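In: I would like to see how this sequence folds:
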Amino acid sequence: MRKGTRILVSLAAVGALLSIAGEAFGEGTSGGKTYTVEMGNMVYAKVPTTAKVGDTIVWINTDTVQHSATAKDGSFDVRLQPGQKGRTVLKKAGKLAFYCIYHSLMRGTLPVATS
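Out: Below is the predicted model:
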């Protein structure tokens, strides 16, 4: 491997580690906090009650089937295969109702305050 290539690979690794560390300490890529919501056993677990505009929601599908987190107002739509995760940066305040497009009984509400 050439020296320049090694430096680029090292910088990419450092960036990835900093991103992971930021999530671990509740910092989102948008400058707000990061919350994790798991989808499993046909429910959304640990939906935050103190999220604010600018915060990030990391959705993780821990189930064996596909799920989504789809806002009724169209503000987000995250569709995940088993084992996948995705992100939503909250851009508006209010009580955001969301559901799974694949399972009609999976529903939730995400209260979002202004920042």
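
In: show me where the protein has strands.
Out: For the chain, strands defined by DSSP state E occupy the ranges 34-40, 43-45, 51-52, 56-61, 67-71, 77-80, 85-89, 94-99, 107-113.

In: Report the separation between the residue nearest to Thr36 when sequence neighbours are not counted and Thr114.
Out: In space, and not counting its chain neighbours, Thr36 is closest to Val58: 4.8 Å by Cβ to Cβ, 6 or more residues apart in numbering. For the C-beta atoms, the positions are set from N, CA and C on the backbone; glycine is no exception. Val58 sits 21 Å away from Thr114, going by Cβ to Cβ, to the nearest Å.

In: What of Lys72?
Out: Applying Cβ to Cβ, the value for Lys72 to Thr114 is 20 Å.

In: Spit out the contact partners of Thr64.
Out: Contact analysis of Thr64 by Cβ atoms under 8 Å, 6 or more residues apart in numbering lists Pro82.

In: low pLDDT regions in the chain?
Out: Across the chain, the ranges flagged by pLDDT under 70 are 1-30.

In: Give me the residue at the spatial middle of it.
Out: Nearest residue to the geometric centre of the chain (Cα atoms, centre = their mean): Val58, 1.7 Å.

In: hang on, isn't it packed against Arg87?
Out: Yes. Counting by Cβ atoms under 8 Å, Val58 touches Arg87, with 5.6 Å between them.

In: what's near enough to touch Ser75?
Out: Under the criterion of Cβ under 8 Å, 6+ apart, the contact list for Ser75 reads 91-92, 96.
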